[in-house]
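Novice: sequence unavailable; structure follows:
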Ligand code: UDP
Ligand code: MG
């Protein structure tokens, strides 16, 4: 039986370009993979223009085109999550509707999937994106992400991504609200291949991600993927406390024990400044300790699975029927194919 591929496309106010994207780019590209059964899941993310009517028109003509319409704009991340819930394919590929991510590359993604990769991520081969500020912002974002310990997210990786059914099923179990799809897929940690592509020009319309939205997205990524921001000021506090303690001890020994042989003449104001600095350091450390507790609460509320079993690699597991997941209480298929 033919394997089934789902193509998930989030759309928001794309009336100007959606027709030409589907007719001139996506549908011709899909003709080249006709050995697969293909379904297209278009997620209308609260469009205020004629996008919904246009995509509904396509769905009426073709049963394999499905439309998931959200009641209002929830943002691309949520639209992608909605699409992944409704996609039924053996592999699911997510793709923007503005032509910037070339559908012509889909056969390469499928070839990598057939090789055995469970995740295939499209990575922009160079920063063709918009102007100088987004370019620098993007570089800074990946630099900070690395500093914060997320080494698995490759700079330039995008949501042009193929995921095997096992990955989509795991992804659909995740319940956290502030979600960055690429970070979560990296966290799941399946066997991943990168495919480089040139980020094209928007076919029509304007990008809805302005600098403010991208900034918020970056903040969400840092906060949901790492606890380092919580701890940064703790380290600063530690540095200040140790520094001012050493300075304080030096002051006491120099002034009161040795009788100021260095002739520094540090008066009460200097001593008070050192003492206050020491206290500031302590306050910052105590904040970091509170932050550690918050980070534990944060991890609990994210409610991520404790571990993810690879069906492909595991052998002779006893549990071959559906069992309730001990964490989220929903039923999970745990079976091996070998
Ligand atoms: N999009 C969406 N909801 C939004 C914003 C964007 O579904 O709130 C869709 C949009 O229609 C497009 C894709 O997400 O298909 C990428 O959006 P955009 O081109 O604005 O972002 P960028 O190319 O800057 O990443
Ligand atoms: Mg775009």
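Specialist: Received it, and whenever you're ready, just let me know what you need. Fair warning: this is a prediction, and the values are worked out from it, not measured in the lab. Ligands and ions are numbered 1, 2, ... in the order given.
Novice: quick one: mean pLDDT for stretch 69-78?
Specialist: Averaging pLDDT along stretch 69-78 yields 93.
Novice: dump the residue contacts of residue 283.
Specialist: residue 237 (Cβ atoms under 8 Å, 6 or more residues apart in numbering). All C-beta atoms are positioned from the backbone trio N, CA, C, and that covers glycine.
Novice: doesn't it fall inside a helix?
Specialist: Yes. Read with DSSP: H, G, I helix; E, B strand; the rest coil, residue 283 is one of the residues of a helix.
Novice: measure it to ligand 2 for me?
Specialist: As for residue 283, its distance to ligand 2 is 44 Å (criterion: Cβ to the ion, to the nearest Å).
Novice: and that residue, what pLDDT?
Specialist: For residue 283, the model assigns a pLDDT of 95.
Novice: same check on residue 330?
Specialist: 59.
Novice: equivalent analysis for residue 206, please.
Specialist: According to the per-residue confidence, residue 206 scores 81 in pLDDT.
Novice: what kind of secondary structure is it in?
Specialist: Reducing the assignment to helix, strand or coil with three-state DSSP, the entry for residue 206 is coil.
Novice: burial count for it?
Specialist: 10 (other Cβ atoms under 10 Å).
Novice: need phi/psi at it.
Specialist: In terms of degrees, to the nearest 10, the main-chain angles of residue 206 are phi -110, psi 150.
Novice: distance of it relative to ligand 1?
Specialist: 8 Å (Cβ to the nearest ligand atom, to the nearest Å).
Novice: next: residue 144.
Specialist: Counting by Cβ to the nearest ligand atom, the gap from residue 144 to ligand 1 is 19 Å.
Novice: ok, for that residue, nearest residue in space, not its chain neighbours?
Specialist: Setting aside the residues directly before and after it, residue 144 is nearest to residue 222 in space (Cβ to Cβ, 6 or more residues apart in numbering), at 6.7 Å.
Novice: could you list every residue that touches that neighbour?
Specialist: For residue 222, the set of contacting residues under the criterion of Cβ under 8 Å, 6+ apart consists of 144, 145, 148, 228, 229.
Novice: okay, now the first one: neighbour count?
Specialist: Counted with other Cβ under 10 Å, residues neighbouring residue 144 total 16.
Novice: how is it assigned, secondary-structure-wise?
Specialist: Taken by three-state DSSP, the conformation at residue 144 corresponds to helix.
Novice: so, in contact with ligand 1 or not, the helix or strand hosting residue 58?
Specialist: Element membership of residue 58, judged by DSSP states H and E, is helix 51-61. No. Using Cβ under 6 Å from any ligand atom, no contact is recorded between helix 51-61 and ligand 1, whose separation bottoms out at 8.0 Å.
Novice: packing partners of that helix?
Specialist: Under the contact criterion of 3 or more Cβ pairs under 8 Å, 6 or more residues apart in numbering; DSSP states H and E, helix 51-61 touches helix 18-20, strand 37-45, strand 65-70.
Novice: for residue 235, which of these is the nearest?
Specialist: Among these, the nearest to residue 235 by Cβ to Cβ is strand 37-45 (39.6 Å).
Novice: using TSV, lay out the helices and strands packed on helix 51-61 together with mean neighbour count and distance to ligand 2.
Specialist: Shown next, in TSV, are the helices and strands packed on helix 51-61 (neighbours: other Cβ atoms under 10 Å; distance: least, Cβ to the ion, whole Å):
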stretch	mean neighbour count	distance to ligand 2
helix 18-20	19	13
strand 37-45	23	13
strand 65-70	18	19
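Novice: let me have these in CSV, extended by distance to residue 120.
Specialist: Formatted as CSV, those follow (distance: least, Cβ to Cβ, whole Å):
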stretch, distance to residue 120
helix 18-20, 25
strand 37-45, 16
strand 65-70, 22
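Novice: now distance to ligand 1 too, for those, in TSV please.
Specialist: As requested, those are exported to TSV (distance: least, Cβ to the nearest ligand atom, whole Å):
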stretch	distance to ligand 1
helix 18-20	8
strand 37-45	4
strand 65-70	9
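Novice: about what we covered before: which parts of the host helix or strand of the residue nearest to residue 144 are buried?
Specialist: When elements are assigned from DSSP H and E, residue 222 belongs to helix 211-225. Across helix 211-225, burial judged by 16 or more other Cβ atoms under 10 Å covers 214, 217, 218, 220, 221, 222, 224, 225.
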